[in-house]
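Novice: one predicted model, sequence on top.
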Amino acid sequence: MNNQKKFCDKLLAAIESNQSLLYLTLDPQPETFPDTLSITTDFLAKAKLAIDQTADLISACKITLGFYQSLGIPGWELLQQILAIIPPHIPVILDAKHCDLNTSTLFAKTVFEDWQVDAVTLSPYAGFDQVAPFLLYPNKTVFVLCATANPTAAALQEYPTPENPLYLQLVRVSQTWGTPEKLGLQVGVMPDMLARIRQAAPERLILVEGDIPEQNDLTEQNDLAELLAAGLSKNGEGLLLPIPPSLFASQEPRLEIQKLRDNINEQRLRAIAGSPTCELWLPDVCFLQPEPHRDLILQLYDIGCVVFGDHVQASGAVFPYYIDLRKIISIPQIFHQIVSAYAEILKGLKFDRIAGIPYGSLPTATGLALRMERPMIFPRKEVKTYGAGKLIEGHFQAGETIVVVDDILISGKSVMEGAAKLKSAGLNVEDIVVLIDHEQGVKDKLQVNGYRAHSVLALSEIAQILYQANRIDTEQFQLLTAEH
Ligand SMILES: O=P(O)(O)OC[C@H]1O[C@H](OP(=O)(O)OP(=O)(O)O)[C@H](O)[C@@H]1O
Ligand SMILES: O=C(O)c1cc(=O)[nH]c(=O)[nH]1
């Protein structure tokens with residue numbers, strides 16, 4: 001088995017090549033074995049057949065550890081044999097629902113290093129400390145158990161009220177534990193809960209556990225279309241669904257599984273067709289929280305705005321990281337939060353117009369101008385040698401006060417050059433507002449030059465939150481916080 005490849009890459013490749021969100025469960029369940037057969041010797045042949053029948057129809061295999069454990073030593077041997085026959089391009093999820101702090105490090109080593117499975121399910125009750133040892137493996141993924149379909153679980157899952165249930169709190173907390181690539185959610189076959197979990201975690205992969213409906217039948221209590229509508233992400237992905245065991249008992253299992261796969265794919269296409277490509281999502285950010293920017297920082301990291309490795313900065317200096325804020329404009333919900341955060345600062349300032357520093361801040365300045373109903377202008381980066389040949393675009397009158405908006409302050413050179421251009425046209429510039437202050441004295445430098453600088457986030461705050469949320473390791477934390 002190739003353990004070098006990331007779970008998510010392997011999974012995406014299998015979804016793509018087999019066009020399937022289905023996974024195959026390989027569990028030696030005693031009740032499915034007639035007394036005439038020995039489970040430990042005959043299950044292997046059954047599993048081989050199931051793999052042969054489905055290898056080009058599935059995107060993953062799932063193995064439930066408990067079934068193997070209960071068989072004792074022959075069960076452990078069987079597990080090794082099963083792991084060995086799964087084709088290397090199919091990712092393996094070990095359904096262990098592990099939940100013990102003391103053994104997490106050892107268990108993570110066993111399953112990821114010795115058994116080389118690609119992902120594992122965990123029960124979250126012991127908190128982040130229990131999950132962290134699994135997240136240390138860069139190519140592996142964990143699925144956190146959020147909600148099961150077991151009726152008696154409702155007393156816990158829906159505590160304290162069905163409107164604000166524990167399982168949604170669990171989703172919100174586990175979102176801070178790891179990136180969407182590293183941490184998915186495990187949910188039982190329950191369309192209502194699945195829909196609420198999908199709404200709370202539009203970015204997470206959901207491993208569905210239990211017997212899924214085999215077809216669409218609105219008269220049935222369990223309708224496949226309803227389940228898919230509840231759980232698929234906006235781009236028709238984000239779900240892994242088990243092949244119902246009953247299909248293997250049918251006359252033509254392969255044909256039935258193929259039909260199910262194709263039916264799911266039709267629903268996926270419908271989900272994509274029905275989703276706006278640029279949906280406006282109103283953020284759930286409470287500015288009274290002790291760490292109001294935590295969600296925003298984690299989302300910025302998760303979309304790849306913080307990258308490590310030597311990078312030349314706009315100033316020419318070389319830092320061992322780069323904050324790439326150009327990505328935010330393509331993700332409306334994050335862009336919306338960012339514009340809101342700037343607006344909170346701009347509300348307290350006196351100005352006639354908003355100026356964005358090209359190019360990175362032009363979309364933000366545009367968003368702010370529309371949100372705050374204030375006119376926008378911008379100083380050009382380079383003056384055109386044709387057309388009107390203006391240094392400043394947009395309408396303005398000398399004597400007006402301009403608030404300058406930029407995305408990041410590193411050396412302060414870009415905002416000062418922009419402000420100087422505005423001033424050369426008779427405008428006043430007193431306030432400069434940025435999303436990220438790189439710190440290390442740049443605000444003081446601006447003050448000496450006559451500007452008040454305001455920022456939504458500071459680099460040290462970003463480093464701290466990413467480190468606490470286990471998004472970055474100690475070395476990366478030190479790189480972000482060292483003097484440059
Ligand atoms: O404080 P500084 O050292 O000047 O660095 C920060 C500036 O660098 C980036 O712009 P960049 O020159 O990369 O241009 P772009 O916005 O056109 O991408 C960024 O948008 C800031 O304007
Ligand atoms: O534009 C940016 O986002 C940016 C510019 C720069 O010089 N350094 C950085 O980390 N980000």
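Specialist: Thanks, I have it. Ligands and ions are numbered 1, 2, ... in the order given.
Novice: next, count neighbours for the residue nearest to E214 when sequence neighbours are not counted.
Specialist: Nearest residue to E214, sequence neighbours excluded (CB to CB, 6 or more residues apart in numbering): P244, at 5.5 Å. C-betas here are computed from N, CA, C, even on glycine. Other residues near P244 number 19, with proximity taken as other CB atoms under 10 Å.
Novice: residues contacting P244?
Specialist: Going by CB atoms under 8 Å, 6 or more residues apart in numbering, P244 touches 211-212, 214, 260.
Novice: now swap in M372 and tell me
Specialist: 343, 346-347, 354.
Novice: and these, which of them are buried?
Specialist: Neighbour-count burial (16 or more other CB atoms under 10 Å) applied to those gives 346, 354.
Novice: what's the farthest-apart pair in the contacts of M372?
Specialist: K347 and I354 (12.4 Å; CB to CB).
Novice: picking up where we left off before, near ligand 1 too, which of the contacts of M372?
Specialist: When CB under 6 Å from any ligand atom is taken as the criterion, no member of these contacts ligand 1.
Novice: quick one, helices of the stretch 301-450 of the chain?
Specialist: 332-346, 362-372, 413-424, 442-448 (DSSP state H, counting those that start in this stretch).
Novice: how about the residues of this structure near ligand 1?
Specialist: 313-315, 357-360, 406-414.
Novice: contacts with ligand 2 among the residues you listed, please.
Specialist: Contacts with ligand 2 within the residues of the chain next to ligand 1, counted by CB under 6 Å from any ligand atom: 313-314, 360, 407-408, 410.
Novice: Q313: neighbouring residues, count only.
Specialist: By the measure other CB under 10 Å, the count of residues near Q313 is 17.
Novice: check L349 too.
Specialist: 13.
Novice: got a list of what I63 touches?
Specialist: 25-27, 79, 82-83, 92-95, 117.
Novice: ok, back up a step: put together a markdown table for the helices of the stretch 301-450 of the chain, with distance to P87 and mean pLDDT on each row.
Specialist: Formatted as a markdown table, these follow (distance: least, CB to CB, whole Å; pLDDT from 0 to 100):
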| stretch | distance to P87 | mean pLDDT |
| --- | --- | --- |
| helix 332-346 | 38 | 91 |
| helix 362-372 | 45 | 96 |
| helix 413-424 | 52 | 97 |
| helix 442-448 | 54 | 96 |
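Novice: spatially, what comes nearest to the most centrally placed residue in the chain if we skip its sequence neighbours?
Specialist: The chain has P180 as the residue nearest its centroid, 3.1 Å off, counting by CA atoms, centre = their mean. Sequence neighbours aside, E203 is the residue nearest to P180 in space, at 4.6 Å (criterion: CB to CB, 6+ apart).
Novice: and after the strand or helix carrying I462, which helix or strand comes next?
Specialist: Element membership of I462, judged by DSSP states H and E, is helix 459-468. Going down the chain from helix 459-468, the next helix or strand is helix 474-481, by DSSP H and E.
Novice: hmm, that following helix in reach of ligand 2?
Specialist: No: counting by CB under 6 Å from any ligand atom, ligand 2 is not contacted by helix 474-481; separation bottoms out at 10.4 Å.
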